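K.L.:
Only the shape, not the letters, is given here:
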């Protein structure tokens, strides 16, 4: 990979930065309209046999009770959940890539998704979390996501701080453990229960209703807010931790806020949709390529871009039918794996140094 050419003058650098910021601003503006347009267009896509005229008539206040139920009770909350989950996973991926200074990093790197999946599997297979009633699955997923964070952070912390390398290794180990436990549950449960566990781990929005959306909005929204509060620190940390410390960044506090924000975003997402991979890997790279590395602009771009991407993926999954609705996690994995290989090959010098 060829090294970037140094700027001949500060004016040239400022002009290039100004051009990049202007491009990022217009990208954010376009994405705002793209979110609204995508949400509206996705209302026309679903498993029920409704024509475009039926949907428009229902939105205008007419239509049958069945059409009203399909649009306002089934499709609207499902698409809204897809938007908030996509936004949360994309921003969490941005935070992980900046914190680990690795283009391969994603929210799953800390094992949070694996822990949440194990919690949800316990609820589905054995009824754990029954005290939460109909919310037992999302509650158990959220609880185990935070337990995973506590375990990973506890394993990585030392008397000298919390090295990024130890966080990474702890996340891989803990994630592998919970993945193995989830597989063990799938091995011992009855076939009818196994189907529910496997379907959950594939990721889908078809069980999402307005209650699910409000849960995701509060929890994932809190995670996004925590990450967005650290955009200045993320920019400085990208220069290196020593330089960031010299510029007044509290590395320990910032890292803890990022970990907590990521846990909220991932835990809330898995709680309502199951495990959906690669969103946090794909969207930050696309946003960085369009608007540059400034996290002040990357954060809103990831929020909006992640929402659009996930709504589109959900619409495609609802358009493909085999024995039922295709889980959206399958589509994101099929798209994400080639993208991962592309990034790995393109930036291998940065990854392996």
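P.N.:
Received it, and whenever you're ready, just let me know what you need. Because the structure is predicted, anything quoted here is derived from the model rather than measured.
K.L.:
wait, doesn't residue 170 sit right on residue 155?
P.N.:
Yes. If you go by Cβ atoms under 8 Å, residue 170 and residue 155 touch, sitting 4.1 Å apart. Yep, even glycine has a C-beta here, placed from its N, CA and C like the rest.
K.L.:
Comparing the two, which residue is more hemmed in?
P.N.:
Each of residue 170 and residue 155 has its neighbours counted (other Cβ atoms under 10 Å); residue 170 has more, 21 against 15.
K.L.:
and the more buried one, what pLDDT?
P.N.:
With respect to pLDDT, residue 170 has a value of 91.
K.L.:
give me the element it is part of.
P.N.:
Assigned by DSSP states H and E, residue 170 belongs to helix 164-188.
K.L.:
And that helix, what's buried?
P.N.:
Across helix 164-188, burial judged by 16 or more other Cβ atoms under 10 Å covers 164, 166-168, 170-171, 174-175, 177-179, 181-182, 185.
K.L.:
just stretch 24-32 next, same as before
P.N.:
For stretch 24-32, the neighbour count (16+ other Cβ under 10 Å) marks 24, 27-28, 31 as buried.
K.L.:
So what touches that stretch?
P.N.:
By Cβ atoms under 8 Å, 6 or more residues apart in numbering, the residues outside stretch 24-32 that reach it are 287, 290-292, 294, 297-298, 300-301, 304-305, 308.
K.L.:
ok, of these, which one's closest to residue 246?
P.N.:
For those, the minimum distance to residue 246 (Cβ to Cβ) is 20.0 Å, reached by residue 294.
K.L.:
That closest one: what's it in contact with?
P.N.:
Residues counted as contacts of residue 294 (Cβ under 8 Å, 6+ apart) are 20-21, 24, 235.
K.L.:
how far away is it from residue 148?
P.N.:
Distance, residue 294 to residue 148, using Cβ to Cβ, to the nearest Å: 31 Å.
K.L.:
where along the stretch 101-250 of the chain do the helices fall?
P.N.:
Per DSSP state H, counting those that start in this stretch, the stretch 101-250 of the chain carries helices over the ranges 112-126, 136-156, 164-188, 191-202, 210-228, 231-237, 241-246.
K.L.:
Next, the angle from the fourth one to helix 112-126.
P.N.:
So that's helix 191-202. For helix 191-202 against helix 112-126, the angle by axes from the mean of the first three to the mean of the last three Cα atoms, to 10 degrees is 160 degrees.
K.L.:
try the third one
P.N.:
Here helix 164-188 runs at 20 degrees with respect to helix 112-126, directions being taken by the same axes, to 10 degrees.
K.L.:
Just the mean pLDDT for the helix or strand harbouring residue 20, thanks.
P.N.:
Per DSSP H and E: residue 20 is located in helix 10-42. Taken as a whole, helix 10-42 has a mean pLDDT of 86.
K.L.:
what's in contact with the following helix or strand past that helix?
P.N.:
With elements assigned by DSSP H and E, the helix or strand that comes after helix 10-42 is helix 52-59. Residues outside helix 52-59 that contact it (Cβ under 8 Å, 6+ apart) are 43-44, 63, 67-68, 70-72.
K.L.:
where in this structure is pLDDT low?
P.N.:
1-13, 321-324, 344, 347-353 (pLDDT under 70).
K.L.:
at 80 what do you get?
P.N.:
Within the chain, the stretches with pLDDT under 80 are 1-17, 46-49, 63, 102-104, 132-134, 158-164, 238-242, 320-325, 336-337, 339-353.
K.L.:
residue nearest the centroid of it?
P.N.:
residue 89 (1.1 Å; Cα atoms, centre = their mean).
K.L.:
Correct me if wrong: that one contacts residue 273.
P.N.:
No. Residue 89 lies out of contact with residue 273 (Cβ under 8 Å); the separation is 9.5 Å.
K.L.:
So which of the contacts of stretch 24-32 are in strands?
P.N.:
Judged by DSSP state E, strands contain none of these.
K.L.:
List just the nearest of these to residue 249.
P.N.:
Taking the contacts of stretch 24-32 together and measuring to residue 249 by Cβ to Cβ, the closest member is residue 294, at 16.0 Å.
K.L.:
how close does the closest one get to residue 172?
P.N.:
With Cβ to Cβ as the criterion, residue 294 and residue 172 are 30 Å apart.
K.L.:
Next: residue 98.
P.N.:
Residue 98 sits 19 Å away from residue 172, taking Cβ to Cβ as the criterion.
K.L.:
give me every residue that touches residue 91.
P.N.:
Applying Cβ under 8 Å, 6+ apart to residue 91 gives the contacts 223-224, 227-228, 265, 299, 302-303, 306.
K.L.:
Which strands or helices does the helix holding residue 170 pack on?
P.N.:
Contact here means 3 or more Cβ pairs under 8 Å, 6 or more residues apart in numbering; DSSP states H and E; on that basis helix 164-188 packs against helix 76-100, helix 112-126, helix 136-156, helix 191-202.
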